[in-house]
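Enquirer: okay, predicted coordinates and the sequence, questions at the end:
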Amino acid sequence: MEDQIVRMTSRLVVPFIQVYGIYIIVHGHLSPGGGFSGGAIFGASLVLLALSFNLEAGMKQISHQTASVLESGSAIAFLLAGMAGVFFGGNYLANRAAGYPLGEAGALFSSGAVFVITLFLGIKVASTIATLFYNIIEGED
Amino acid sequence: MLNVLPVIILVIIVVVLRFIFAVEARSILNLFLLGLIIFMLSFTVAEMPPFGDPGNPVFNEMCLRYLEDGVAETGAVNIAAAVILDYRAFDTLGEATVLFVAIAAVIATLQSHRKEE
């Protein structure tokens, strides 16, 4: 599909969508949103890029292999972030008891495990959407 | 004796659908079952406690604990994030697992189809 308007618009809009997705993920403990919604926004930007250009242009941002690795890796990272609670004398997925620094409430780097897990969840959801999309598109060729 | 009227209405509706609009018997049965589900769900909703009533069973000590001590215990200003990622983090882990298993199943299905071609 060769459409100059769609290509130009998506080229302008995709960086803003990605920044917004990262903002939603990183501010998950401060404002409405979080890992799931922010990851979905970021994943949608990758889908938009691959749809308006072609699969190669989308793959240039995050390749299929990278998306798969990120997806599995962030799931494992979530488990390990929870295991930290067990190693440092608390329950599984503990926050304050596991020794995560809580910081000042309302600051960007605060709330310990909540921030970390939101980050991993966001990466996981975004790469899940990318992996799913790449798999479906590649099947059509 | 009060229950006779709805039954008569139901029979009339079924007869009209079956013999005047020529709807299949199977479709009428589906319609009847859907109507039954709607009927029961409506009664369930009518029995639910009123929205925002302070006497509701959801407003217990858990709710107060989250609202009063949530920021001090988790450091997260967003109480929803504090609940799903700290107090109920195990539930979120299950959600992430569901996501992972779903994508694994989709990839497995798509790959097996590709191999046959």
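Expert: That came through, no problem.

Enquirer: buried residues, stretch A:62-70. List them.
Expert: Within stretch A:62-70, the residues scored as buried using 16 or more other CB atoms under 10 Å in any protein chain shown are A:62, A:64, A:67, A:68, A:70. The C-beta positions use only the backbone N, C-alpha and C, and glycine is treated the same way.

Enquirer: ok, the last one touching residue A:122?
Expert: By that I understand residue A:70. No - using CB atoms under 8 Å, residue A:70 makes no contact with residue A:122, being 10.8 Å away.

Enquirer: who's in contact with stretch A:128-141?
Expert: Identification of contacts with stretch A:128-141 by CB atoms under 8 Å, 6 or more residues apart in numbering or on different chains yields A:39-40, A:43-44, A:46-47, A:50, A:55, A:58-59, A:62, A:64, A:67-68, A:71, B:99-100, B:103, B:106-107, B:110-111, B:113-114.

Enquirer: same thing but at 7 Å, please
Expert: Residues from elsewhere that reach stretch A:128-141, judged by CB atoms under 7 Å, 6 or more residues apart in numbering or on different chains: A:40, A:43-44, A:46-47, A:50, A:55, A:62, A:64, A:67-68, A:71, B:99, B:103, B:106-107, B:110, B:114.

Enquirer: among the residues you listed, name the buried ones.
Expert: A:40, A:43-44, A:46-47, A:50, A:55, A:62, A:64, A:67-68, A:71, B:99, B:103, B:107.

Enquirer: these in helices, which ones?
Expert: A:40, A:43-44, A:46-47, A:50, A:55, A:64, A:67-68, A:71, B:99, B:103, B:107 (DSSP state H).

Enquirer: okay, the residues you listed in a markdown table with pLDDT next?
Expert: As requested, these are arranged in a markdown table below (pLDDT from 0 to 100):
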| residue | pLDDT |
| --- | --- |
| A:40 | 94 |
| A:43 | 92 |
| A:44 | 93 |
| A:46 | 89 |
| A:47 | 90 |
| A:50 | 86 |
| A:55 | 75 |
| A:64 | 81 |
| A:67 | 86 |
| A:68 | 87 |
| A:71 | 89 |
| B:99 | 89 |
| B:103 | 89 |
| B:107 | 86 |
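
Enquirer: okay, those in JSON lines with distance to residue A:132 next?
Expert: What follows is these, written out as JSON lines (distance: CB to CB, whole Å):
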{"residue": "A:40", "distance to residue A:132": "12"}
{"residue": "A:43", "distance to residue A:132": "9"}
{"residue": "A:44", "distance to residue A:132": "12"}
{"residue": "A:46", "distance to residue A:132": "11"}
{"residue": "A:47", "distance to residue A:132": "9"}
{"residue": "A:50", "distance to residue A:132": "12"}
{"residue": "A:55", "distance to residue A:132": "14"}
{"residue": "A:64", "distance to residue A:132": "11"}
{"residue": "A:67", "distance to residue A:132": "9"}
{"residue": "A:68", "distance to residue A:132": "11"}
{"residue": "A:71", "distance to residue A:132": "10"}
{"residue": "B:99", "distance to residue A:132": "10"}
{"residue": "B:103", "distance to residue A:132": "6"}
{"residue": "B:107", "distance to residue A:132": "8"}
